[in-house]
Structure formats: C-alpha cells, structure tokens
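Have a look; sequence and predicted model below, questions after that.
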Amino acid sequence: MNMKKKIAIAMGGFSSEYRISINSGNIVYKNLDRDLYEPYRVHIMQNEWFVVAADDTPYPINKSNFSVNIDDQNITFDCVFNTIHGTPGENGLLQAYLELLNIPQTSCDHYQAALTFNKRDLISVLKPYGIKTAENYFLNKGDLLNPDEIVEKVGLPCFVKANRAGSSFGITKVKAKEELEEAAKTAFAEDDEAIIESFLDGTEVSVGVITYKGEVTALPVTEIVPEGEFFDYEAKYLGKSQEITPARISEADTKKVQELAKMIYTKLKMKGFTRSEFIFHNGEPHFLEMNTTPGISQASILPQQAEKAGISLTELFSSAIEAALKA
C-alpha cells in the first residue's frame, strides 16, 4: 500500500515574479525525497490552476476542494509546498484558502504573510520592539506629492519603493527632489501604496531563519554586494550582485543580526522559511524587509546559506513538510 504523502508544490502566481517561482517549484520537485513523498507540480495562475503531469499534460485543479482528477483517479493532497513569490502565495491569499480547506502548507499563516508583504505595516509592528529601520514616508496613489516634506523627513538620496511588491520591482533611487514624481509613478505601476525610505549606508546582509527539525534556526549570514547602486531585480536574479556567505562581518555582528532575525521570526509567530534583509548602518543592523517565500532556485540565497550550514536541499524541504504536517 502506498503510504507516501502527496505533496502539491504550488508555483507560479499572479505577479511579475511567476517565472522565478516556477524555477523554485521545479527545484523542490527535483529534490523532494521520493521515498517519503509523491510530489505534484501545481501551477497557480491568474486564469487557471492545474497539475503538470510527468509528460507535461495539464490537469485542472478543482478549486472547491483543491483536488485533481488524473486518469479517473481523484487526488487530494496531504500538504502544499508553497513556492509562490508575490501574490497569492506570499501575501496570505493562498494560505487563507488552504486554511479554510484544512490543508497544511509549508509557509507562514495568512495574517503573517499579509503583514510581512506590506513593508509599511510590518515596520509599524516591529517599531515598539525597538527594531531599527530607515526613516520612512508613506504615500498612497492619489495623495498630493509634497517633495519638500518628503526630503525633510527622509533626506537625499532616498529610495522610493512599491509597498507590496516582492522582489525589488518598482524601486528607484532618488538623488534629487525633482526625481520624486517620476519615481512615485514607477512605484505606483506595481502597487497603489509607496514607501519612501532614507538611504542607509553600510553593509547589506540577508539572514535566513527557518524552523529546522522543530527548532527556530538562523542560517549563516549572506553579504550582498550589488554591482549597481542597490540590490534590485537585476542584481537579485540576473547575477548582477555578489553574494558572499558567510558575510565579511565580525563574529559579534553576525551573532547580533542572527539573534535579531530570530527574534523577529519568533515575535511575529512565523513558520517555514523566511529571509530578512538588514543594513549595518552606523554599526547597527537596521531591518529592511522579510520574505516569507524566499527563492529556492540554485542562484537563491537561502539554499546557499543552508548548504553552508550543512543542510542539503532534500533535508531542508523534508523538514518544512514535516513541520507543516505537525502544525
């Protein structure tokens, strides 16, 4: 009798990042322990959800119960491995849907996903814990843009970002007041909320925090050295940045930022894989953002960190599924 757990690997999504997500999902598919699990590639797209069979035939997913019919067999899933970056996998929609259906999934719960996907709200929640961040100015689409007020609050240069877009889409580095309007347009092309942040000068690092074999674990720290002016989409996915693991920072700073990342994970009641970005500004780690479905393709930071910690992809993925099934 086949007692292997059926795992739906959710990939795709509705955002500009769906290709990256497909990449991440295929890595999970390739590295999942076949002795324990029976993996299915589930593409979740704006207009259709389907399982891609071994011969690449698509079989539609029944959204009423997240099942699929393949060769007259109705298949339901024991767990969903969430590799969707952006909406609906990183902003809580998929999590809430699966929770309603009582299907475990590997990333955080829906509220945590929605909160962390909203940079503005996340920063507001973390502030009372004394966590340092950049100076921020918030803007909604349609608000009157007041360049003098913005520059007075955040200074120049500053960054204008889409508030709820993953993966560094919709970001501009602004060096002169006159550029703010154009930068806001770029951000509003991705989202109807923008966040304007002061420039933090210092070493940027990325810290993976995961629940591994039941323990909240900070992975080795990665230093990010962008070739351009900042860690943008090109730097992140087209190899235009250097990622150095472990980061070239002192042991004390490494420990400090790992403890901070773990504290944030715990306070927010996170689950699954997360990756938080910090900049050491004036010697202190300042929190930038947290990803709750970080990339897991070969080029991605989290797998590089896990490898340095002696954790293989297969072990990493098994641990995530076991944690979800236990929850």
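Looks like it arrived, so ask away.

Quick check on the closest residue to R275 other than its chain neighbours: phi, psi?
Spatial nearest neighbour of R275, excluding adjacent residues (C-beta to C-beta, 6 or more residues apart in numbering): P294 at 3.9 Å. Placement of C-beta: from N, CA and C, glycine included. Phi and psi for P294, reported as degrees, to the nearest 10, are phi -60, psi 150.

residues near P294, how many?
Residues near P294, counting by other C-beta atoms under 10 Å, number 25.

That one contacts I301, correct?
Yes: P294 lies in contact with I301 (C-beta atoms under 8 Å); the separation is 6.9 Å.

Next, show the common contact partners of those two.
G208, R275 (C-beta atoms under 8 Å, 6 or more residues apart in numbering).

Determine the set of other helices and strands touching the helix or strand containing D253.
For D253, the host element (DSSP states H and E) is helix 251-267. In terms of contacts (3 or more C-beta pairs under 8 Å, 6 or more residues apart in numbering; DSSP states H and E), helix 251-267 is packed against strand 202-212, strand 215-218, strand 274-281, strand 284-291.

closest one to E38 among the ones you listed?
strand 202-212 (23.2 Å; C-beta to C-beta).

now the closest residue to K256 other than its chain neighbours, which residues is it bridged with?
Of all residues not flanking K256 in the chain, P285 sits nearest, at 6.3 Å (C-beta to C-beta, 6+ apart). Beta-bridge pairing for P285 (DSSP bridges): F280.

tell me the contacts of P285?
Here P285 is in contact with K132, V205, D253, K256, V257, L260, F278, I279 (criterion: C-beta under 8 Å, 6+ apart).

Can you report how many residues lie near the fifth one?
This points to V257. V257 sits with 24 neighbouring residues when counted by other C-beta under 10 Å.

now the one 3 residues further on
When neighbours are defined as other C-beta under 10 Å, L260 has 22 of them.

Make residue 1 into 81 and carry on from there
Sure, I'll start numbering at 81, so the last one becomes L340.

what sits up against stretch 382-397?
107-108, 111-113, 161, 286, 288, 290, 292, 297, 299-302, 323, 325-326, 353, 355, 374-377, 399.

for the record, mean pLDDT for that stretch?
Regarding stretch 382-397, the rounded mean pLDDT is 96.

hmm, which helix or strand of this structure has the shakiest average pLDDT?
helix 313-317 (a mean of 50; mean pLDDT, DSSP states H and E).

helix or strand right after it?
strand 321-324.

Convert that next one to CSV, retaining C-alpha atoms only.
Provided in CSV are the C-alpha atoms of strand 321-324 (Å, rounded to 0.1, in the frame of the first residue of the first chain):
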residue,chain,number,x,y,z
SER,A,321,25.3,41.2,-7.4
GLN,A,322,27.9,39.3,-5.5
GLU,A,323,26.6,37.2,-2.6
ILE,A,324,29.1,36.3,0.0
